[in-house]
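J.: 3D model of this:
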Amino acid sequence: MLRQTLQLCVFGLCALFSLTTQAQPSNDPAKIAALFSAAGANGVFVLLDLQTDSLLVSDPQRGAQRFTPASTFKMLNALIALQTGAVSGPDEVFKWDGKPRFIKSWQRDLTLSEAMRESAVPIYQEVARRIGQQRMQHFVSATNFGNNNIGQAIERFWLDGPLAISAIEEARFTARLAQGQLPFDKAVQATVRAMLPSEQTADYRLFGKTGWAMDQQPMIGWYSGWVERADGQRFAFALNMDIASSAELGKRQALVKAALTTLKIIPTPTLTP
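T.: The predicted structure follows:
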């Protein structure tokens, strides 16, 4: 196997790693907790090995604590929409009403798939309205998504609550999606998997969805998904962390990539300080 000496730099801290391509994963939650400390972040990273069903949790107490899922719920929202026919398919176009929106990239017509990549809240609020209270509650409960409580506000329950889910539960949810084991048609699950933002290299493909619960204190940032390695191994993950301001949002993906590299799930190219 090819062996590389790699320099990993995260938040100004650099370390050398000797990695073997497609190396066997390590299991050291203390190293992941140290990444959060180095980043000045309060949060948790969960990794679920789909080969062995074993869990790594950097902070067991926080890993079991439930938080508002924010836009990570778009994965389930899209599944329900396609399963029920509330949306005809990933390419159905949602017209922009011309009104200003929180993010400029939302100020245009978007397909369901594009709205996933842009994390366009207004589109998925329209999707939720189409699904309706009864069907939404049925499928959330059937999926066993966190506390299963969608309350009465069909447009806001995943943004403000009462819906809540833990990082451990999120990792198990994304693992089931990756494996096509959720209570939806296989074709529907494959369609939603293809809609998710992804990153592909010769060694792996990473699928993930971010979330940002803004209307609470502290604000909560999420990044949940899974990795498919070239050797066939798969790993689901979930991260949540306290967010003080929008300037910290990039730490979500950076911490996940650093954790996956530290645990030898993925290799990383040589970085410079």
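J.: please count neighbours and contacts with C-alpha atoms only from this point.
T.: Will do.
J.: tell me which stretches of the chain form helices.
T.: 29-39, 60-63, 74-84, 112-118, 121-131, 133-143, 157-160, 167-179, 186-195, 251-262 (DSSP state H).
J.: residue 150: which of those helices is closest?
T.: Within the helices of the chain, the stretch nearest residue 150 is helix 157-160; the backing value is 5.4 Å (C-alpha to C-alpha).
J.: which ones are touching residue 142?
T.: Residue 142 makes contact with residue 183, according to C-alpha atoms under 8 Å, 6 or more residues apart in numbering.
J.: ugh, wrong one, I meant residue 76
T.: Taking C-alpha under 8 Å, 6+ apart, one finds residue 140 in contact with residue 76.
J.: spatially central residue for this protein, please.
T.: Centroid-nearest residue in the chain: residue 224, 2.0 Å away (criterion: C-alpha atoms, centre = their mean).
J.: report how many residues lie close to the closest residue to that one other than its chain neighbours.
T.: Here the nearest residue to residue 224 in space, its sequence neighbours aside, is residue 238; by C-alpha to C-alpha, 6 or more residues apart in numbering that works out to 4.2 Å. Around residue 238 there are 31 other residues, counting by other C-alpha atoms under 10 Å.
J.: hey, what's residue 238 bridged with?
T.: Taking DSSP bridges as the rule, residue 238 bridges to residue 46, residue 224.
J.: which stretches of the protein have low pLDDT?
T.: Along the chain, segments meeting pLDDT under 70 span 1-26, 269-273.
J.: cutoff 50 now
T.: Applying pLDDT under 50 to the chain flags the ranges 1-21, 270-273.
J.: leaving out the residues flanking it, which one is nearest to residue 212?
T.: residue 221 (4.5 Å).
J.: tally of neighbours for residue 101?
T.: Residues lying near residue 101 (other C-alpha under 10 Å) number 15.
J.: how about it: what's its closest non-neighbour residue?
T.: Among residues not flanking residue 101 along the chain, residue 107 sits closest, at 6.2 Å (C-alpha to C-alpha, 6+ apart).
J.: how close does the one you found get to residue 56?
T.: 40 Å (C-alpha to C-alpha, to the nearest Å).
J.: higher neighbour count, the two?
T.: Shown here are residue 107 and residue 56; by other C-alpha under 10 Å, residue 56 has more neighbours (20 against 16).
J.: the closest residue to that one other than its chain neighbours: what's it in contact with?
T.: Counting by C-alpha to C-alpha, 6+ apart, the nearest residue to residue 56 once its immediate chain neighbours are dropped is residue 47, at 5.1 Å. Going by C-alpha under 8 Å, 6+ apart, residue 47 touches 55, 56, 57, 171, 235, 236, 237, 238.
J.: for the first one, what are its contacts?
T.: Residues in contact with residue 55 (C-alpha under 8 Å, 6+ apart) are 46, 47, 48, 49.
J.: got it, and the second one?
T.: Applying C-alpha under 8 Å, 6+ apart to residue 56 gives the contacts 27, 28, 29, 46, 47, 48.
J.: go again with 7 Å.
T.: By C-alpha atoms under 7 Å, 6 or more residues apart in numbering, the contact list for residue 56 reads 27, 29, 46, 47, 48.
J.: what of residue 100?
T.: Neighbouring residues of residue 100 by C-alpha under 7 Å, 6+ apart: residue 107.
J.: in TSV: the contacts of residue 55, plus distance to residue 103.
T.: Putting the contacts of residue 55 into TSV (distance: C-alpha to C-alpha, whole Å) gives the following:
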residue	distance to residue 103
46	29
47	31
48	33
49	35
